[in-house]
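*Asks:* Predicted model, plus sequence, below.
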Amino acid sequence: MLELALDEEITLRHIQESDAAELFNLTEKSRTELREWLPWVDGTQTRRDSLKFIQHTLDAYNAKRALNCGIIYKGKLCGMIGFNLVDWSNRVGHIGYWLATDMVGRGIMSRAVSGLMHYGFYELDLNRMEIRAAVENRRSRAIPERLGFREEGTIREAEWLYDHFVHHVVYGMLRSEWE
């Protein structure tokens, strides 16, 4: 099981089936804010739905397609981060993340993304990190901008979000730029 201690406050830990209740409670607590940008929220109605998500992520990890970690802040789960997809042929990690509403504004996500990137570049030998965020999602876009990613373009109508399409901004970072 992967466990990365980033500093005295934050650890990234591979999400496990035993985290299902806590993950569901976290989702429930931040449902309104998460739903604005994440298409899976309405499909997460019970602890069992969170368990199915965790089982899916474990299957993807075992197939070497993805890696999903809980963000542990001062000993408590406060969000999720990971490589939603790892493209091994091209050595690209596609990063996704979310944070509980009451934890926003503490620098947690910037530190978590930075730690995941370090792991991806130096432990997994990836060459590129990519983050996509809805054009209007300023909080999510602030993370790659703060970490020095390059804005590489916009994908029009990239995601169906409940009742409308949203455009995505694509950010990229190469290992040579990170070093």
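*Replies:* The structure has been received and is ready for your questions. From a predicted model like this one, the values you see are computed outputs, not experimental measurements.
*Asks:* how about the strands in this structure?
*Replies:* For the chain, applying DSSP state E gives strands covering 3-5, 10-14, 67-73, 76-87, 92-99, 128-134, 150-161, 164-174.
*Asks:* and the third one, what other elements does it pack with?
*Replies:* Strand 67-73 is packed against strand 10-14, helix 47-62, strand 76-87, helix 108-122, with contacts defined by 3 or more Cβ pairs under 8 Å, 6 or more residues apart in numbering; DSSP states H and E. C-betas here are computed from N, CA, C, even on glycine.
*Asks:* go on, the second one?
*Replies:* Counting contacts by 3+ Cβ pairs under 8 Å, 6+ apart, strand 10-14 packs against strand 3-5, strand 67-73, helix 108-122.
*Asks:* cool, the fifth one as well?
*Replies:* If contacts are counted by 3+ Cβ pairs under 8 Å, 6+ apart, strand 92-99 sits against strand 76-87, helix 108-122, strand 128-134.
*Asks:* List the buried residues in the second one.
*Replies:* Yep, that's helix 108-122 we're talking about. Ile108, Met109, Arg111, Ala112, Val113, Ser114, Gly115, Leu116, Met117, Tyr119, Gly120, Phe121 (16 or more other Cβ atoms under 10 Å).
*Asks:* Can you add pLDDT and distance to Arg91 and give the residues you listed back as TSV?
*Replies:* Shown next, in TSV, are the buried residues of helix 108-122 (pLDDT from 0 to 100; distance: Cβ to Cβ, whole Å):
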residue	pLDDT	distance to Arg91
Ile108	97	27
Met109	97	24
Arg111	97	24
Ala112	98	21
Val113	98	18
Ser114	97	19
Gly115	97	19
Leu116	97	15
Met117	97	13
Tyr119	97	14
Gly120	97	9
Phe121	98	10
